[in-house]
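> give me a 3D structure for the following:
(one chain, ligands or ions: 1)
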Amino acid sequence: MALVKLQTEHFRNLSSAPVHFSPSFNLLYGENGSGKTSVLEAIAYLGLGRSFRVSRHQAVVSHGETGLTVFGGLDRGVDGEPGGGGNSVVHRLGISRDVVRKETTLRVDGESVRSLSALAKFLPVSVIDPGVFEIVAGGPGKRRQFLDWSVFHVEPSFASVWQQCQRVTSQRNQTLRNGRLDDALLRVWDTQYAALSDRISDARKATFERFKSAFETLVEEVDLNWTKGLKLEFYPGWDTGRSLVEILASHREQERKVGHTLYGPNRADIRLKFQGRPVAETFSRGQQKTLVILMKIAQGMVLSELGKQVTFLLDDINAELDVSHRAMLAKKLQTLRCQVFITSIEHPEPGVLWPEDDAPQYRMFHVEHGKLTEE
Ligand SMILES: Nc1ncnc2c1ncn2[C@@H]1O[C@H](COP(=O)(O)OP(=O)(O)OP(=O)(O)O)[C@@H](O)[C@H]1O
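As a prediction, the model looks like this:
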């Protein structure tokens, strides 16, 4: 699927006029503060139900307004129509947020839906912005988020198992904090928690294996010297040599002291090592950035294998990647037949992104005061 129509109301500084996009590449350029990132943010809002820049919905709502709406029209993507995709909308998505009532309303094809996953499954959006490099440089939380995004799109039941596990974890934490020694109750929570944790971990591991294999193929293809000896490993959040119930029972006092669960899927990680050491300690900043880009592409490959097209949102990559890495990224995304949005301050030169003169179908937009004008 590709987002071929976008219309927003009261979304930051964006104009409410509808915009039609290419199912392939879309190049957006404009001055600082013109609204380029806000366009990507509005697209991501449809696919993630939140902003990728800020955690408060209020910040995204236009000043002086009490709510926002984003509508999207999807078509079947680059391969959906003879001749490389036409703008024929096959699904309509809508999300509204009322920040006074703190209510979100979701619609798919005119029907109300309750869960965000019903909307999100239509539009897998992957953001590559300056903050994305935290996946390598930052803590395990960023890598869990990265992995779970693909698990969600690969394993249909993942979102509901995850929610159940969060509920049980929070009840278990309350019991741990409860001063009374309530061992019998804790054991009940332990059993439920361990069963859900195993399901989460199995789903994560299966998706991780797909991801790892795509990543290895990609690394082979791009043939970058410094990636030889790089190892990716999934850590589920506990030592799987023993059952989680056993581990929890043997760390009762420790968990009671801290008042929360210390072992399980909330501790999972993708461990990235180079010659036995964490890459964050070994790789240069440029290498770390390239590594994240390769991981993002590999994630796109996994979804492509399952017949799903990722919509990539590339914010200001000129500031992050040199010309050759930008060209490598554009080429790979073109091969994957993904939909791509790229922002830049300068007028884009397609010859830089596609030096071999094999530019795909693209649309170019100038962004000014929140309004997009196609060129
Ligand atoms: N809630 C809001 N309501 C109205 N306008 C807003 C709101 N939040 C931000 N803005 C304004 O919207 C504009 C769009 O900002 P955005 O970050 O999208 O610009 P950009 O083109 O990506 O800029 P840059 O190149 O500097 O990254 C800015 O001028 C900002 O001041």
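
> when you work out contacts or count neighbours from here on, use the C-alpha atoms and nothing else.
Noted.

> relative to the ligand, which residue of the stretch 51-200 of the chain is the closest?
Closest approach between the stretch 51-200 of the chain and the ligand, counting by C-alpha to the nearest ligand atom: residue 62, at 3.3 Å.

> quick one: neighbours of that residue, just the number.
Residue 62 has 16 neighbouring residues, counting by other C-alpha atoms under 10 Å.

> same check on residue 50?
Neighbours of residue 50 using other C-alpha under 10 Å come to 19.

> now do the top helix by length along the chain, average pLDDT.
Criterion DSSP state H: the longest helix present in the chain is helix 183-222. Here helix 183-222 scores 94 as its mean pLDDT.

> list the buried ones in it?
Neighbour counts using 16 or more other C-alpha atoms under 10 Å place 186, 189-190, 192-194, 196-201, 203-205, 207-208, 210-212, 214-216, 218-219 of helix 183-222 among the buried residues.

> residues from the stretch 201-350 of the chain in reach of the ligand?
Applying C-alpha under 6 Å from any ligand atom, we find that the stretch 201-350 of the chain lies next to the ligand at residue 345.

> helices of the stretch 201-350 of the chain, start to end?
244-250, 252-258, 279-282, 285-305, 323-335, 350-353 (DSSP state H, counting those that start in this stretch).

> how about the ones you listed in TSV, adding mean neighbour count?
Listed next are the helices of the stretch 201-350 of the chain as TSV, based on neighbours: other C-alpha atoms under 10 Å:
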stretch	mean neighbour count
helix 244-250	17
helix 252-258	14
helix 279-282	15
helix 285-305	20
helix 323-335	17
helix 350-353	16
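
> want to try CSV for the ones you listed, with distance to residue 233 and mean pLDDT as columns?
Putting the helices of the stretch 201-350 of the chain into CSV (distance: least, C-alpha to C-alpha, whole Å; pLDDT from 0 to 100) gives the following:
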stretch, distance to residue 233, mean pLDDT
helix 244-250, 20, 95
helix 252-258, 26, 91
helix 279-282, 12, 90
helix 285-305, 13, 92
helix 323-335, 24, 88
helix 350-353, 32, 85
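
> kindly present those as TSV, with separate columns for distance to residue 126.
Converted to TSV, the helices of the stretch 201-350 of the chain look like this (distance: least, C-alpha to C-alpha, whole Å):
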stretch	distance to residue 126
helix 244-250	33
helix 252-258	35
helix 279-282	22
helix 285-305	8
helix 323-335	12
helix 350-353	19
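
> which secondary element of the chain has the worst mean pLDDT?
None of the helices or strands of the chain scores lower by mean pLDDT, DSSP states H and E than helix 350-353, at a mean of 85.

> so what's the closest residue to residue 353 other than its chain neighbours up against?
In this structure, residue 353 finds its nearest non-sequential neighbour in residue 327, 4.7 Å apart by C-alpha to C-alpha, 6 or more residues apart in numbering. By C-alpha atoms under 8 Å, 6 or more residues apart in numbering, residue 327 lies in contact with 352-355.
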